[in-house]
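Asker: just coords:
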């Protein structure tokens, strides 16, 4: 199985601070400007590593001379949009006096701790919901792209990043959200930076989940911002990528970041993690004369190294004679069988796609072979030799009746179970019965194309009590047997007589009240 490729690359985009005399901080508040250079990444990530300032960008600048002389103002971009070195001027309604030192940060709405301003400035990130980022094609949500800077004495600010970035290439269509979740809380929610050197000076509790929502285009990259705990080198742990596609969340986990120590100012490429695969396959109908056929399948969003296998479904009884699966091919699975000389028959197959070593998705398929002709049968059920016995036309069979539980009641004379040694039912002697209670139920499903009836026999195990058993069709009571009584110290044998049944319908015989045994059931089919 292929693991998600984690390509770690640091974009080293160092630009010389442009020093021009007319761009220095000047005494006129209305004309004060700064040149802002980007040392690393900001808002646009292009194929040629192009990093640019954008129209509408704003920064916050803080001036400091002494503990009693300090102030702050918002600056907007004046020129240089689309380049890496832009000029910023005071925003409307803003003013800033002259100071000895200037600090800046991006975005402009982050909270400051001006009281800490004394040769350095603590910048407190006010972002609290890192799991609500907006998707930006080949970029990221600039609200989360924290940067700090200190003016160089000549009006130039060189910005350093306070966040790192995880890039994901979108593997499919109709995706509205992408979430990455790391195994450890190796990131921070509201850290405090020193604007003078970009170091984290304090932090709050860790986080590990980052999510972007919006419109995602297949094949494009999208980046999620995060602030790593660089101060204590906490590894990220395994990463789980979850896509919301068509309203359904699909996840895949990789060990690729298990030992990664994330760092500010770096981009970590998570590649194109695949969407969790699914299997598309239809049920198959074959003719009564067919002796072979095939299952057609498609694995949607396959994973490199994934494998599809096919096997008979556990717990299902296959009635198609000599049904056998062939080798899995490219989108098809052949099978062989005997032609059908009886009623409709079925085989049950489970397709399993295994990926990432142990993850699986499954799809159940039913193969139906048409009936050669309608052939009536007689099915019987009883307990003998501690075994629940089924017969079809007098021959042992196990595919018509279904029972739950394993308990039974034996006939015992005198004051024991039923007060008799045996019952004679339709010419045969029976000494054992199936116990009916909450966990012991008998059920069966009638066939199509025939007329079915049922007749069943039971007795009350409890002397002096009237037991009840019921024949039910779903939740509907077809026969409520209320005459399971005792006479002269012996349980009376209840005979339901012949009851007409609906075709292709499931019935069950269950306990209603008190203890009872089910001795014999017979379902008879006839042609319409």
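Answerer: Alright, I've got the coordinates. This structure is a prediction, so every number in the text was calculated from the model and none was measured. Numbering: from 1, shown residues only.

Asker: Just want to check the distance between residue 391 and residue 161.
Answerer: Here the criterion is C-beta to C-beta, to the nearest Å. By it, residue 391 lies 79 Å from residue 161. Backbone N, C-alpha and C define where each C-beta goes, glycine included.

Asker: neighbour-wise, which of those two wins?
Answerer: Comparing residue 391 with residue 161 by other C-beta atoms under 10 Å, the one with more neighbours is residue 161, at 25 against 18.

Asker: Please enumerate the strands of the stretch 251-400 of the chain.
Answerer: Using DSSP state E, counting those that start in this stretch, the strands found in the stretch 251-400 of the chain span residues 267-269, 278-281, 284-286, 292-300, 307-312, 324-325, 332-336, 345-355, 359-369, 378-384, 387-392, 395-396.

Asker: Go through those and name the closest to residue 192.
Answerer: Among these, the nearest to residue 192 by C-beta to C-beta is strand 267-269 (23.5 Å).

Asker: Which neighbouring elements make contact with that closest one?
Answerer: Packing partners of strand 267-269 (3 or more C-beta pairs under 8 Å, 6 or more residues apart in numbering; DSSP states H and E): strand 7-9, strand 164-169.

Asker: would you turn the strands of the stretch 251-400 of the chain into a markdown table with distance to residue 451 and mean pLDDT?
Answerer: Formatted as a markdown table, those follow (distance: least, C-beta to C-beta, whole Å; pLDDT from 0 to 100):
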| stretch | distance to residue 451 | mean pLDDT |
| --- | --- | --- |
| strand 267-269 | 69 | 87 |
| strand 278-281 | 35 | 92 |
| strand 284-286 | 25 | 97 |
| strand 292-300 | 31 | 95 |
| strand 307-312 | 32 | 96 |
| strand 324-325 | 34 | 97 |
| strand 332-336 | 33 | 97 |
| strand 345-355 | 20 | 94 |
| strand 359-369 | 22 | 93 |
| strand 378-384 | 13 | 95 |
| strand 387-392 | 17 | 92 |
| strand 395-396 | 22 | 88 |
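
Asker: Let me see the domain layout of the protein.
Answerer: Structural domains annotated on the chain: 7-269, 278-369, 378-526, as defined by automatic domain parsing.

Asker: Lowest average pLDDT across these?
Answerer: Lowest mean pLDDT within those: domain 7-269, a mean of 77.

Asker: My assumption is that residue 143 lies in a helix; please confirm.
Answerer: Yes - read with DSSP: H, G, I helix; E, B strand; the rest coil, residue 143 is one of the residues of a helix.

Asker: and the nearest residue to it once chain neighbours are set aside, what does it touch?
Answerer: Nearest residue to residue 143 in three dimensions, chain neighbours excluded: residue 107, at 5.8 Å (C-beta to C-beta, 6 or more residues apart in numbering). Shown in contact with residue 107 (C-beta atoms under 8 Å, 6 or more residues apart in numbering): 58-59, 142-143, 145-146.

Asker: Would you check how far apart residue 107 and residue 138 are?
Answerer: Residue 107 is 20 Å from residue 138, where distance means C-beta to C-beta.

Asker: Likewise for residue 527?
Answerer: Distance of residue 527 to residue 138, given as C-beta to C-beta: 71 Å.

Asker: which one of those two has more residues nearby?
Answerer: Shown here are residue 527 and residue 138; by other C-beta under 10 Å, residue 138 has more neighbours (14 against 10).

Asker: just checking, the more buried one touches residue 219?
Answerer: No - using C-beta atoms under 8 Å, residue 138 makes no contact with residue 219, being 10.4 Å away.

Asker: Flag every buried residue along stretch 473-487.
Answerer: Buried residues in stretch 473-487, counted by 16 or more other C-beta atoms under 10 Å: 478-479, 481, 484, 486.

Asker: scratch that, stretch 396-406 is what I was asking about
Answerer: Using 16+ other C-beta under 10 Å as the test for burial, stretch 396-406 gives 400-401, 403.

Asker: next one: stretch 129-139
Answerer: For stretch 129-139, the neighbour count (16+ other C-beta under 10 Å) marks 130-131, 133, 135-136, 139 as buried.

Asker: and if you look at stretch 339-349?
Answerer: Here stretch 339-349 shows 340, 343-345, 347-349 as buried, counting by 16+ other C-beta under 10 Å.

Asker: what about the residue nearest to the spatial centre of the chain, which helix or strand?
Answerer: In the chain, the residue lying closest to the centroid (C-alpha atoms, centre = their mean) is residue 250, at 4.8 Å. Residue 250 is part of strand 248-254 when elements are defined by DSSP states H and E.

Asker: Show me what that strand packs onto, helices and strands only.
Answerer: Packing partners of strand 248-254 (3+ C-beta pairs under 8 Å, 6+ apart): strand 239-245.

Asker: strands paired with the strand it packs on, and their directions?
Answerer: Strand pairing for strand 239-245, using DSSP bridges, gives strand 175-182 (antiparallel), strand 248-254 (antiparallel).

Asker: what's the distance between residue 479 and residue 452?
Answerer: On the measure of C-beta to C-beta, residue 479 and residue 452 end up 14 Å apart.

Asker: Quick check: nearest residue in space to residue 482, chain neighbours excluded?
Answerer: With sequence-adjacent residues excluded and distances taken as C-beta to C-beta, 6+ apart, residue 482 is closest to residue 468, at 5.3 Å.

Asker: oh sorry, the question was meant for residue 282
Answerer: Spatial nearest neighbour of residue 282, chain neighbours left out: residue 296 (7.1 Å); criterion: C-beta to C-beta, 6+ apart.

Asker: related to what we said a few turns ago, reformat the buried residues of stretch 396-406 as JSON lines; add distance to residue 497.
Answerer: Formatted as JSON lines, those follow (distance: C-beta to C-beta, whole Å):
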{"residue": "400", "distance to residue 497": "21"}
{"residue": "401", "distance to residue 497": "19"}
{"residue": "403", "distance to residue 497": "23"}
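
Asker: of these, closest to residue 65?
Answerer: Of the buried residues of stretch 396-406, the one sitting nearest to residue 65 (C-beta to C-beta) turns out to be residue 403, at 91.2 Å.

Asker: so who does the closest residue to that closest one other than its chain neighbours touch?
Answerer: Of all residues not flanking residue 403 in the chain, residue 442 sits nearest, at 5.1 Å (C-beta to C-beta, 6+ apart). Neighbouring residues of residue 442 by C-beta under 8 Å, 6+ apart: 381, 401-403, 434, 436, 508-509, 518, 521.

Asker: now with 10 Å?
Answerer: Counting by C-beta atoms under 10 Å, 6 or more residues apart in numbering, residue 442 makes contact with 381, 388, 401-405, 434, 436, 456, 469, 471, 507-510, 518, 521.

Asker: got it, and residue 99?
Answerer: Neighbouring residues of residue 99 by C-beta under 10 Å, 6+ apart: 25, 61-66, 69-71, 151.

Asker: Go ahead and confirm residue 460 touches residue 512.
Answerer: No - look at residue 460 against residue 512 with C-beta atoms under 10 Å: they stay out of range, at 11.4 Å.

Asker: out of those two, which sits in the busier spot?
Answerer: Using other C-beta under 10 Å, the more surrounded residue of residue 460 and residue 512 is residue 460, with 26 against 16.
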